[in-house]
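K.L.:
all I have is the shape, not the residue letters:
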Ligand SMILES: [Zn+2]
Ligand SMILES: [Zn+2]
């Protein structure tokens, strides 16, 4: 019996709006969970919030040297130069998540 598509209504963790997960999406997530052998996790955020998060986490690499990152506070792009990267790596830090304006001064 596969007549009417099942639709799941959830509330977005980020903005509180309700959104729907269609039958097709559920199949997609099931497939993906099977491939990655992880627990089946349905998205907890609506599509616009998911897309916004994906954009926020996106790292643009213009060339081999410098990386352009996006500040998680103000959203501005900033350069993360290769020599800074060497310094960060030597200190055991991850990539900075804030631009120099938003980073606390030491
Ligand atoms: Zn949302
Ligand atoms: Zn910033």
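P.N.:
Yep, that arrived. All figures in this text were calculated on a predicted structure; none of them were measured in a lab. Ligands and ions are numbered 1, 2, ... in the order given.
K.L.:
CA atoms for contacts and neighbours, from now on please.
P.N.:
Noted.
K.L.:
for the chain, give me the ranges with low pLDDT.
P.N.:
1-5, 38-40, 58-65, 105-106 (pLDDT under 70).
K.L.:
spell out which parts of it neighbour ligand 2.
P.N.:
71, 73, 74, 99, 102 (CA under 5 Å from the ion).
K.L.:
make CSV from these and add distance to ligand 1, secondary structure and neighbour count to it.
P.N.:
Shown next, in CSV, are the residues of the chain next to ligand 2 (distance: CA to the ion, whole Å; DSSP: H, G, I helix; E, B strand; the rest coil; neighbours: other CA atoms under 10 Å):
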residue, distance to ligand 1, secondary structure, neighbour count
71, 20, coil, 20
73, 18, coil, 12
74, 19, coil, 11
99, 25, coil, 20
102, 25, coil, 13
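K.L.:
what helix or strand is the residue sitting nearest the centre point of the chain on?
P.N.:
Geometric centre of the chain, nearest residue: residue 54, 3.6 Å, by CA atoms, centre = their mean. Assigned by DSSP states H and E, residue 54 falls within helix 47-57.
K.L.:
just checking, what packs against that helix?
P.N.:
The criterion is 3 or more CA pairs under 8 Å, 6 or more residues apart in numbering; DSSP states H and E, and there are no helices or strands that helix 47-57 contacts.
K.L.:
is ligand 1 contacted by that helix?
P.N.:
Yes. Judged by CA under 5 Å from the ion, helix 47-57 and ligand 1 are in contact via residue 49.
K.L.:
likewise for stretch 9-18?
P.N.:
Yes. Stretch 9-18 lies within reach of ligand 1 by CA under 5 Å from the ion, at 12, 14, 15.
K.L.:
please consider this matter closed, and thank you.
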